[in-house]
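Trainee: here is the input, now give the coordinates:
(2 chains)
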Amino acid sequence: MNEIIAWLGDSAHWSGSDGVPIRLLEHLQLSGASVLVALAIALPLGAYIGHSGRLTLLAVTIANVGRAMPTLALLVIFLPFILRAGLGLGFWPTFVPLVLLGIPPILVNAYVGVREVDADVREAARGLGMSGAQVLGRVELPLALPAIFAGLRTAAVQVIATATLGALVASGGLGRYIIDGIALHENARMVVGAILVAVLALSADAVLAFVERRAERRTEAPPAAVARSAGLPAR
Amino acid sequence: MREGEPLIEWEWIARNTDQIIARLVQHVGLTLIAVVFGLAISFVLALIVYRRRSLYPPLAGFAATLYTIPSIALFAILTPITGFGSIVTAEIALVSYTLLILLRNIVAGLDSVPADVREAAAAMGYSPWQQLWRVELPLALPLIIAGVRVATVTTVGLVTVAAVIGQGGLGQLILTGLRTFFATPIYVGAFLSLALALVADVALVQLQRALTPWALRRTHDYAADALAAAPGASL
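Mentor: From the prediction side, this is the model:
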């Protein structure tokens, strides 16, 4: 415990490229970029699958393989290809697996969220003359928002956790403290890194849970016009 | 990863079969211990919840917090306390991760027993204890085993991460490959851990069918499958 406080009190650990602020920033950049790219891929795909009812087997397969694939394995199986492509160690060998890791939870939740929209509401939207795309964009997606945020939350927490392992393939981020601490037999460095990662994951989870609840409250009622014609109480 | 190295050197596999099998056995052992202890602890917690419902939110909240802490961080925090490379360090973390899924599913399983079934059992003179063991638990089995499936598959993946702290079964092969820049052990470790997760999942499905032959087979619900595969999804 004293060692940890001493480590944290050493100003050398708070500046420079191996300082806490830089490592934290690296971790956030890497995780943030990965989650955003995963969202850009998984949300349209999941929404399409939920809307059309096509490719459901693909969604289930992605979810199952995504769950069974060990994160450490996911992190390393692309390494030979990335090195051959001349992209080097560090950012790319971590970024690519993190994107793939973020896709399943977002895709599954978008798919289930859209699919679970009340059939009456969907019918009513069609009855109002909305096209398929309009039904998706104005009715199904807004109603699926809480589910989509839940998926985003799961993805973000998993990505932040696995970004730590990126240190094994020479990536930056807070994982450096853990991996280097183990290699150098410096317990203080290792534990500080672990605590920072844990706090980061829990904070991200709490922030996204808050956003999720906000989304839930805001989308409780379907758009008024649709609700009225579906015989639901309009709010 | 070296120039001109084939993706998989079959000869290396043939030379190291003993080591590969030993790692696989260790991996199975670490997973089994974690799931069995996790199930025992979750079962006790579920019985406490059964008696005192008000304790469910704090217990589930605690389990959810543990679940959110990245595995590598928990391994690293425990290492100075229980030792590097110790099976205790690995298992404390691995058991912690099974609690959320198992507790949630056991409680959901017990909740799924219809009220008239409970009343009928009570009317037949079953004591509350007999009612639990002879009626409610058997009826809860499908959901309990569904939880065991998710917990097992998750644990198989997390065990590989324990390689970083000197445990880890097949994860050791992956780490060895990373350290020596040699792709074959990476692919062997990754492939076997994925295969182990899938085999365990299929075996548990068979077990559930054998134990609960009365459970009606519903029309297949892909969305439910997909959600079951994303344990963090509907927290």
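Trainee: mind checking how far residue B:21 is from chain A?
Mentor: Computed as Cβ to the nearest Cβ, to the nearest Å, the residue B:21 to chain A distance reads 18 Å. For glycine as for every other residue, the C-beta is placed from the backbone atoms N, C-alpha and C.
Trainee: for that residue, pull up the helix or strand it's in.
Mentor: helix B:17-51 (DSSP states H and E).
Trainee: from the contact counts, what lies against that helix?
Mentor: helix B:56-68, helix B:87-111, helix B:137-161, helix B:170-180, helix B:183-211 (3 or more Cβ pairs under 8 Å, 6 or more residues apart in numbering or on different chains; DSSP states H and E).
Trainee: list the buried residues in that helix.
Mentor: By neighbour count on 16 or more other Cβ atoms under 10 Å in any protein chain shown, the buried set for helix B:17-51 is B:20, B:23-24, B:26-28, B:30-31, B:33-35, B:37-39, B:41-42, B:45-46, B:49-50.
Trainee: chain center to stretch A:98-108, what's the gap?
Mentor: Mean C-alpha position of stretch A:98-108 versus that of the full chain (Cα atoms, centre = their mean, to the nearest Å) differs by 7 Å.
Trainee: ok, that stretch near chain B or not?
Mentor: Yes. Applying Cβ under 8 Å from any Cβ of the partner chain, one finds stretch A:98-108 touching chain B at A:104-105, A:108.
Trainee: among the residues you listed, which lie within helices?
Mentor: Counting by DSSP state H, the residues of stretch A:98-108 next to chain B place A:104-105, A:108 in helices.
Trainee: mind checking which of those are buried?
Mentor: Buried among these by 16+ other Cβ under 10 Å: A:104-105, A:108.
Trainee: pLDDT and distance to residue B:116 added to those residues, as CSV?
Mentor: As requested, those are exported to CSV (pLDDT from 0 to 100; distance: Cβ to Cβ, whole Å):
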residue, pLDDT, distance to residue B:116
A:104, 92, 39
A:105, 92, 37
A:108, 91, 35
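Trainee: circling back to that earlier point, closest one to residue B:76 among the helices and strands packed on helix B:17-51?
Mentor: helix B:87-111 (9.4 Å; Cβ to Cβ).
Trainee: helices or strands up against that closest one?
Mentor: helix B:17-51, helix B:56-68, helix B:71-82, helix B:137-161.
Trainee: next, the buried residues of the shortest one.
Mentor: The neighbour-count criterion (16+ other Cβ under 10 Å) identifies B:71-80 as the buried residues of helix B:71-82.
Trainee: so which of those are also by chain A?
Mentor: Within those, those near chain A by Cβ under 8 Å from any Cβ are B:71-77, B:79-80.
Trainee: how about TSV for those residues, with pLDDT added?
Mentor: Converted to TSV, these look like this (pLDDT from 0 to 100):
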residue	pLDDT
B:71	91
B:72	90
B:73	91
B:74	92
B:75	92
B:76	91
B:77	91
B:79	90
B:80	89
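Trainee: return the member of those residues nearest to residue A:138.
Mentor: residue B:71 (41.0 Å).
Trainee: and that closest one, what does it touch?
Mentor: A:161, B:93, B:97, B:158, B:161-162 (Cβ atoms under 8 Å, 6 or more residues apart in numbering or on different chains).
Trainee: closest to residue B:213 among the residues you listed?
Mentor: Closest to residue B:213, out of all of the contacts of residue B:71 and judged by Cβ to Cβ, is residue B:97, at 31.3 Å.
Trainee: contacts only, for the closest one.
Mentor: B:34, B:38, B:66-67, B:71, B:151, B:154-155, B:158.
Trainee: how much space separates it from chain A?
Mentor: For residue B:97, the distance to chain A - Cβ to the nearest Cβ - is 11 Å.
Trainee: isn't residue A:197 right next to residue A:160, touching?
Mentor: Yes. With contact defined as Cβ atoms under 8 Å, residue A:197 counts as touching residue A:160 (7.4 Å).
Trainee: please enumerate the shared neighbours of those two.
Mentor: A:27, B:70.
Trainee: do I have it right that residue A:97 meets residue A:73?
Mentor: No. The pair residue A:97 and residue A:73 fails to qualify as a contact (Cβ under 8 Å) at a distance of 9.2 Å.
Trainee: so between these two, which is more surrounded?
Mentor: residue A:97 (28 against 25; other Cβ atoms under 10 Å in any protein chain shown).
Trainee: tell me the one among the buried ones among the ones in helices among the residues of stretch A:98-108 next to chain B nearest to residue B:198.
Mentor: Nearest to residue B:198 among these, with distances taken as Cβ to Cβ, is residue A:104, at 15.3 Å.
Trainee: quick one on the thing from earlier: and the helices and strands packed on helix B:17-51 as JSON lines, adding mean pLDDT?
Mentor: Formatted as JSON lines, the helices and strands packed on helix B:17-51 follow (pLDDT from 0 to 100):
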{"stretch": "helix B:56-68", "mean pLDDT": "93"}
{"stretch": "helix B:87-111", "mean pLDDT": "93"}
{"stretch": "helix B:137-161", "mean pLDDT": "92"}
{"stretch": "helix B:170-180", "mean pLDDT": "91"}
{"stretch": "helix B:183-211", "mean pLDDT": "91"}
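Trainee: got those helices as a markdown table, with distance to residue A:203 columns?
Mentor: Output for the helices and strands packed on helix B:17-51, formatted as a markdown table (distance: least, Cβ to Cβ, whole Å):
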| stretch | distance to residue A:203 |
| --- | --- |
| helix B:56-68 | 10 |
| helix B:87-111 | 19 |
| helix B:137-161 | 21 |
| helix B:170-180 | 28 |
| helix B:183-211 | 30 |
